[in-house]
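coords below, sequence missing:
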């Protein structure tokens, strides 16, 4: 087994086209699609705004977000990558991704980084940078010019 062969690779996606490019890159590290675990993280609704959003969105709608996202992942990836594992987590993205990878004993996380610079990065934060800090396994980040 070479250093590139991995048993479990986690690929976080945010539903941007760019984030899905990491799935193809992850495929080069594993023997089968079943070794790829694509994960999307649904942020929790802000409890301070629950009264405002509940009237507009409805509690039922917020409870269905993980299922809707899971179905969308399956629809987007199921035909191209038969057997791929899809998961939806809830919470803060970087922590949820790192925790999910640890919970399945992942060997590697392959993810995209939007490459924001300067003030935008400081205001928005970098999910990829935080995953690198929190993850217990190796992380490969893909920048837009590399994809």
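It's in. Nothing here was measured: the structure is a model prediction, and the numbers come from that model.

Isn't residue 40 up against residue 12?
Yes: Residue 40 is in contact with residue 12 according to CB atoms under 8 Å; the separation is 7.2 Å. Using the backbone N, CA and C atoms, a C-beta is placed for each residue, glycine as well.

Of the two, give the one with the bigger neighbour count.
Neighbours were counted for residue 40 and for residue 12 using other CB atoms under 10 Å; residue 12 has more, 27 against 22.

Could you check how far the more buried one is from residue 63?
Distance of residue 12 to residue 63, given as CB to CB, to the nearest Å: 22 Å.

now do residue 71
Distance, residue 71 to residue 63, by CB to CB: 14 Å.

quick one, which of these two is more surrounded?
The neighbour count for residue 71 versus residue 63, taken as other CB under 10 Å, is higher for residue 71 (14 against 9).

In what element of secondary structure is that one found?
helix 59-77 (DSSP states H and E).

What is the burial count for residue 83?
Using other CB under 10 Å, residue 83 has 10 other residues around it.

which ones are touching residue 71?
Applying CB atoms under 8 Å, 6 or more residues apart in numbering, we find residue 71 in contact with no residue.

Now do it against residue 80, distance only.
16 Å.

and what of residue 29?
17 Å.

Residues contacting the strand or helix carrying residue 37, please?
Assessed by DSSP H and E, residue 37 sits inside strand 36-42. Identification of contacts with strand 36-42 by CB under 8 Å, 6+ apart yields 8-15, 23, 26-27, 30, 65-66, 69-70, 73, 77, 81, 84-93, 96-97, 100, 104, 106.
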